[in-house]
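Novice: turn this into a structure:
(2 chains)
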Number of protein chains: 2
Amino acid sequence: MIEVETPALVLDLDAFEANVETAFGLARAAGVSLRPHGKSHKSPDIARRLIAAGAVGTCVATLAEAEAMVAADVEGVLLTAPVATKGQIARIALMLAEGADLMVVADHPDTVAPLSAAADRAGMRLRVLVECDMGQARTGVLTAEAAVTLAHAIAAAPGLTFAGIHAYWGHLQQVADIAERRARVEAQADVLRGIIADLRAEGLEPAIVTGGGTGTFSIDRDLGIFTELQIGSFIFLDSLYGPLALEADGTNPYRHSLFVRAAVVSANALGNDLPQVIVNAGLKAFATDSGLPRLASGPEGLNPSDTTYRYKGDEHGALMLPPGAPVRLGQILDFVPSHCDPTVNLYPRYHLMRGGEWTGHWPILGRTGAA
Amino acid sequence: MIEVETPALVLDLDAFEANVETAFGLARAAGVSLRPHGKSHKSPDIARRLIAAGAVGTCVATLAEAEAMVAADVEGVLLTAPVATKGQIARIALMLAEGADLMVVADHPDTVAPLSAAADRAGMRLRVLVECDMGQARTGVLTAEAAVTLAHAIAAAPGLTFAGIHAYWGHLQQVADIAERRARVEAQADVLRGIIADLRAEGLEPAIVTGGGTGTFSIDRDLGIFTELQIGSFIFLDSLYGPLALEADGTNPYRHSLFVRAAVVSANALGNDLPQVIVNAGLKAFATDSGLPRLASGPEGLNPSDTTYRYKGDEHGALMLPPGAPVRLGQILDFVPSHCDPTVNLYPRYHLMRGGEWTGHWPILGRTGAA
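Specialist: Numbers count the residues shown, from 1 in each chain, chains lettered A, B, ... in the order given. Reported below is the predicted structural model:
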């Protein structure tokens, strides 16, 4: 195999496609649409493949991601985070003026007039969803009353259409016990049902009700609330989601498809009582917010679960090995990142692999500060 | 002031230049050269300004950084991490063939023949330093005997010149108590003196002895060992180094020059008993390995030390505020990142500010996977 420059982000297309087929099969069976979240992949190439698999579009979390998707003619882009500044709203106006198929969320009445002016300036209608806080204490209106007030304001604003509700319980995605996860989702779902009822009572039918994530997908899709779900991490399965029970029967139907490839650049402690090698992937090669990467697969004779990765500064990690492990200087090793989304954000491209052979690259766009 | 797209990396040139002047003044007084570490800034523009201030070149930690510096005609590039694979050594050969002013380190005899072949292929001499582990258990030879063996191998290899020693005590940079930091550095310095003596006894004079960092600069520069030091973070002063005593008198002579600028994109909890606002800078906008960012300066009437930042997912953070804080939806806020190097790696450019006015951009090159 040709050597890639390490550290590199590797996408196993076989595993990726298996994950897509699995999730879309589950969604179809439940009768819910998917608009998978592009914050995980930042790739118009992936968004297009998900749409080809049946997705109704792509969610994005930032204006830079939205701009990248729009520039690549991806349809059905939903920006799931509210914007507030003049500059941010000007970027929405520009995308609209260029004919973008774009929806946004809002969580404050003060943003309605500027969004309306942006749509008017672009000569386009802008569909706006009301974002409702679902207990995460992040973005979103805090009460049903505030949701109704904001929906009325959107519906009344020139150029805007009240398009529905964005309701994401991000803080419940990784609740370890699936029974507890279900109980907490169902409690929150009751709050969401109340908001929807209040909106309907005011004649404000939410055409779209969107939310959900990979961790709660098996619960969300049978709630009878969501018209569409925005699962994202399922395409990659990082080491946060890897050990979680994701389906009601306790299984996890996805495979790891995303890896960080690194090289052993120092091996002087290979013969020590506590052997280790140093790989050229450290704090700048993995997201560090949620635990440690782990070795995905080793050379023959090395069980990855007998190894432990430790950060050794910005550019390096130590892989602790069992005595006599068949690892050598220059060895290429693949790691499963702990948190896929911010790890993807560190790299400019995916190196694509199928059946152990390189098949090309997909660029990663709309990275931090990249607009 | 014109709005920049947030999150953005902002460099205050006045503070940056004050930091440069301070550090170079201290180095001159101690009679030691500086080859500041480019892993902190990844910017040929900054490397050139440091050379103009008196630096003998720039250190880099990765081949991608080396390539960026070489492509920009930066002189005196020292790659401070060993390489091992064929592909890595081919990249060194390519830089040499293009006339790069480049030195590298090695920590294993097995890499000598390939480096020699690379220099030969390029028709150039390559200066190689022996990297010695200084207790960090990362890269470097582990004994004086191994250092001598490796130096002999380098000196004997066609196309290679034994250029000296790389000895970095990265694990001592942030020892909180400066007296303990000094004691541990001095103990390690004795080990380094022993290695140098053993090399000299073999006729292997190390022309360059390099190491050190911002945290141990005041100690390192008076040891009488180092010909040059590779401090890096002093130009920015992150919130890791900010609270540390850096000089013998307990002072820290540097100023914060690097900020992440964010916008308040949600403010529904501003009036709560525990008020907070949500900014558009989260796990993808800050390095998360070493504590939390902190607010650098607030609007009039808000003391930054009365606020606390918390991560709220990939794209967002919550800024916890005192009741009645004068913060509003759309407000622009600057944060001091906790760890400058991996934070810089997240951004494509510095937005330059002088006296409160934007003055341009410097690109950030050689980021992860960017070769």
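
Novice: tell me where the stretch 101-250 of chain A has strands.
Specialist: A:102-106, A:126-131, A:160-167, A:208-211, A:228-229 (DSSP state E, counting those that start in this stretch).

Novice: so which of these is nearest chain B?
Specialist: strand A:126-131 (8.3 Å; Cβ to the nearest Cβ). Just so you know, the C-beta spots here come from the backbone N, C-alpha and C atoms, and that holds for glycine as well.

Novice: contacts for that closest one?
Specialist: Residues from elsewhere that reach strand A:126-131 (Cβ atoms under 8 Å, 6 or more residues apart in numbering or on different chains): A:78, A:80, A:82, A:92, A:96, A:102-107, A:112, A:115-116, A:118-119, A:139-141, A:147, A:150-151, A:154, A:159-167, A:206, A:208, A:210.

Novice: what about residue A:111, distance to residue A:139?
Specialist: Noted for residue A:111: a distance of 11 Å to residue A:139, by Cβ to Cβ, to the nearest Å.

Novice: ugh, wrong one, I meant residue A:5
Specialist: Here the criterion is Cβ to Cβ. By it, residue A:5 lies 38 Å from residue A:139.

Novice: and these two? which has more neighbours close in?
Specialist: residue A:139 (28 against 20; other Cβ atoms under 10 Å in any protein chain shown).

Novice: verify the contact between the more buried one and residue B:316 for me.
Specialist: Yes - under the criterion of Cβ atoms under 8 Å, residue A:139 makes contact with residue B:316 at 6.9 Å.

Novice: overlap in contacts, those two.
Specialist: Between them, residue A:139 and residue B:316 share the contacting residues A:81, B:265-266, B:278, judged by Cβ under 8 Å, 6+ apart.

Novice: and for the longest helix along chain A, what are the contacting residues?
Specialist: Scanning chain A for the helix with the most residues, using DSSP state H, yields helix A:178-201. Helix A:178-201 is touched from outside by A:132, A:134-135, A:144-145, A:147-148, A:151, A:165, A:167, A:169, A:172, A:175, A:205-206, A:209, A:211, A:215-216, A:218-220, A:223, A:225, A:244-246, A:248, A:250, with contacts defined as Cβ under 8 Å, 6+ apart.

Novice: for stretch A:273-289, buried residues please.
Specialist: A:275-289 (16 or more other Cβ atoms under 10 Å in any protein chain shown).

Novice: do it and chain B meet at all?
Specialist: Yes - Stretch A:273-289 reaches chain B (Cβ under 8 Å from any Cβ of the partner chain) through A:276, A:278, A:280, A:283-285, A:287-289.

Novice: from residue A:238, how far out is residue A:27?
Specialist: Residue A:27 is 21 Å from residue A:238, by Cβ to Cβ.

Novice: which of these two has more neighbours?
Specialist: residue A:238 (25 against 21).

Novice: OK, contacts around that one?
Specialist: Residue A:238 neighbours (Cβ under 8 Å, 6+ apart): A:256, A:258, A:336-340, A:343.

Novice: so which of those residues belong to helices?
Specialist: Secondary structure from DSSP H places A:340, A:343 of the contacts of residue A:238 in helices.

Novice: assign the spatially most central residue of chain A to helix, strand or coil.
Specialist: Central residue of chain A (Cα atoms, centre = their mean): residue A:40, 2.9 Å from the mean position. Put simply, residue A:40 is coil when judged by DSSP: H, G, I helix; E, B strand; the rest coil.

Novice: was I right about it contacting residue A:230?
Specialist: No - with contact defined as Cβ under 8 Å, residue A:40 does not count as touching residue A:230 (9.9 Å).

Novice: mutual contacts of residue A:111 and residue A:139, please.
Specialist: residue A:82.

Novice: for residue A:144, see how far away the residue lying closest to residue A:316 once chain neighbours are set aside is.
Specialist: Spatial nearest neighbour of residue A:316, excluding adjacent residues (Cβ to Cβ, 6 or more residues apart in numbering or on different chains): residue A:282 at 4.5 Å. In this view, residue A:282 and residue A:144 are 47 Å apart by Cβ to Cβ.

Novice: contacting residues for the residue nearest to the centre of chain A?
Specialist: Counted by Cβ under 8 Å, 6+ apart, residue A:40 has contacts A:232-233, A:235-236, A:340-341, A:344.

Novice: where does it land on pLDDT?
Specialist: For residue A:40, the pLDDT comes out at 98.

Novice: spatially, what comes nearest to it if we skip its sequence neighbours?
Specialist: That would be residue A:232: by Cβ to Cβ, 6+ apart, it lies 3.6 Å from residue A:40.

Novice: isn't the one you found up against residue A:35?
Specialist: No - look at residue A:232 against residue A:35 with Cβ under 8 Å: they stay out of range, at 10.1 Å.

Novice: okay, and the common contacts of those two?
Specialist: residue A:59.

Novice: and of the buried residues of stretch A:273-289, the nearest to residue B:332?
Specialist: residue A:289 (24.6 Å; Cβ to Cβ).

Novice: surely that closest one meets residue B:311?
Specialist: Yes - taking contacts as Cβ under 8 Å, residue A:289 lies within contact range of residue B:311: 6.9 Å.

Novice: distance of residue A:19 relative to residue A:43?
Specialist: 14 Å.

Novice: looking at the two, which is more packed in?
Specialist: residue A:43 (27 against 22).

Novice: that one: what's it in contact with?
Specialist: Applying Cβ under 8 Å, 6+ apart, the residues near residue A:43 are A:350, A:362-365.

Novice: and it, backbone torsions?
Specialist: phi -130, psi 110 (degrees, to the nearest 10).

Novice: what's the pLDDT at it?
Specialist: 98.

Novice: residue A:4 too?
Specialist: 89.

Novice: wait, it touches residue A:358, no?
Specialist: Yes - between residue A:4 and residue A:358 there is a contact under Cβ under 8 Å: 7.4 Å.

Novice: which one of those two has more residues nearby?
Specialist: residue A:4 (19 against 13).

Novice: so what's the more buried one closest to, chain neighbours aside?
Specialist: Per Cβ to Cβ, 6+ apart, closest to residue A:4 is residue A:351, 5.4 Å.

Novice: format the strands of the stretch 101-250 of chain A as CSV; extra columns: mean neighbour count.
Specialist: Formatted as CSV, these follow (neighbours: other Cβ atoms under 10 Å in any protein chain shown):
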stretch, mean neighbour count
strand A:102-106, 26
strand A:126-131, 26
strand A:160-167, 24
strand A:208-211, 23
strand A:228-229, 24
